[in-house]
Each structure stands twice: as structure tokens, then as C-alpha cells.
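**Student:** next one to model:
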Amino acid sequence: MQITDPVTMLTDYALGAANLFFAISIYTRFHFRNRVTGLLLLLGFLAEAISGFAGGTFHGFAAYVHPATRQSIWNLTMISSGATLAFLASAIHAAEVHRENGKWIVAGVVVGVAGLGIQLTGFRAHYAWNHNDVFHLILMGAMYLFFKGARHLKDRG
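**Tutor:** Numbering: from 1, shown residues only. Model (predicted):
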């Protein structure tokens, strides 16, 4: 069995693993002052982990699954990616955001939007290295910046 798009599969799986780590880290920080914010962050990072793992499966094994199954995997990738945005935006709305945390969160959003710009270009540096791979790496960095700012957020009073 040959993997359809190995680099994209690996970068997707790395993105999934990183976000699973962020979700677990958020879970370990739950306390009475961040119940709502913490839950929304946890769900956001879990949704992105699902998106990464589903996307990696789609890119890696697209040639070996039935077209309907392939479409279902892609739908899961896109729906969980959208859920990520909804949960993380809701977490920020529910939290007290101070300048120190806010600058990291804004940096994560800016880097993520820049990554989307590269994603839309269709960039291809090599037959095995394309816009998806670059986007996944940039998105990992963006999610780390967002996590760095969001991990100490507390619910609004």
C-alpha cells in the first residue's frame, strides 16, 4: 500500500497530535474560575485534533477508500475545523482577557490568517511539498501561540 500524499498526511497528523496535547493541557488546568472558558478551549483544541487526524487519513489513504467514505472523512475534517473556530471564539468571548494573554491570542490569529493566505495560493515548492504542508506547519505555530495566551484564561466575573 502506497500512501497517497505522505507529507501532507504527516503534517496533518502532527497538527492533530499538537492539538491533542493542547487539549490535555487545558483539561489539567480546569478549576472553579475557568469552567466555561476551559471547557470551550478543550472542545476547540479537541475539534482541531479531530480535524488533523481526519485530514491526515484523507490525504494519506484517499486512493484506498470508497468515494463515499472519502467524502465523509473530508466532511468530518471541514466540520471539525469550523467547530474549532466556533469553540475558540466562544472561549475568548466567555473569558476575561488581559493584555498579556491577549497579545498571544492575537498573534495566533494573525499567524493563522497568514497561513490561510498561503493555503489559498496553491503554492508548490516540490512534488511532495505543497501549500497544505506549509499551512499545517504554520497552523501548528498559530495554535501554539493561541494556546500560550489562552491557557491561563479565567471566566468573566
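
**Student:** how about residue 30, phi and psi?
**Tutor:** phi -60, psi 140 (degrees, to the nearest 10).

**Student:** just checking, it touches residue 36?
**Tutor:** No - at 10.7 Å, residue 30 does not count as touching residue 36 under the criterion of CB atoms under 8 Å. For glycine as for every other residue, the C-beta is placed from the backbone atoms N, C-alpha and C.

**Student:** more neighbours, those two?
**Tutor:** residue 36 (17 against 14; other CB atoms under 10 Å).

**Student:** quick check: that one touching residue 93?
**Tutor:** No - look at residue 36 against residue 93 with CB under 8 Å: they stay out of range, at 9.9 Å.

**Student:** what's around residue 94, how many residues?
**Tutor:** 20.

**Student:** go ahead and confirm it touches residue 155.
**Tutor:** Yes - taking CB under 8 Å as the definition, residue 94 is a contact partner of residue 155 at 6.1 Å.

**Student:** who touches both of these two?
**Tutor:** Counting by CB atoms under 8 Å, 6 or more residues apart in numbering, the common neighbours of residue 94 and residue 155 are 36, 37.

**Student:** contacts only, for the spatially most central residue of the chain.
**Tutor:** Centroid-nearest residue in the chain, with CA atoms, centre = their mean: residue 48, separated by 3.7 Å. Neighbour list for residue 48: 15, 16, 19, 80, 81, 84, 143 [criterion: CB under 8 Å, 6+ apart].

**Student:** residues in contact with the closest residue to the first one other than its chain neighbours?
**Tutor:** Pointing back at residue 15 there. Spatial nearest neighbour of residue 15, chain neighbours left out: residue 52 (3.8 Å); criterion: CB to CB, 6 or more residues apart in numbering. Contacts were defined as CB under 8 Å, 6+ apart; by that measure residue 52 touches 12, 13, 14, 15, 16, 17, 18, 19, 136.

**Student:** after the helix or strand where residue 52 lies, next one along is what?
**Tutor:** In this structure, residue 52 is located in helix 35-61 according to DSSP states H and E. Where DSSP H and E defines the elements, the next helix or strand beyond helix 35-61 is helix 67-94.
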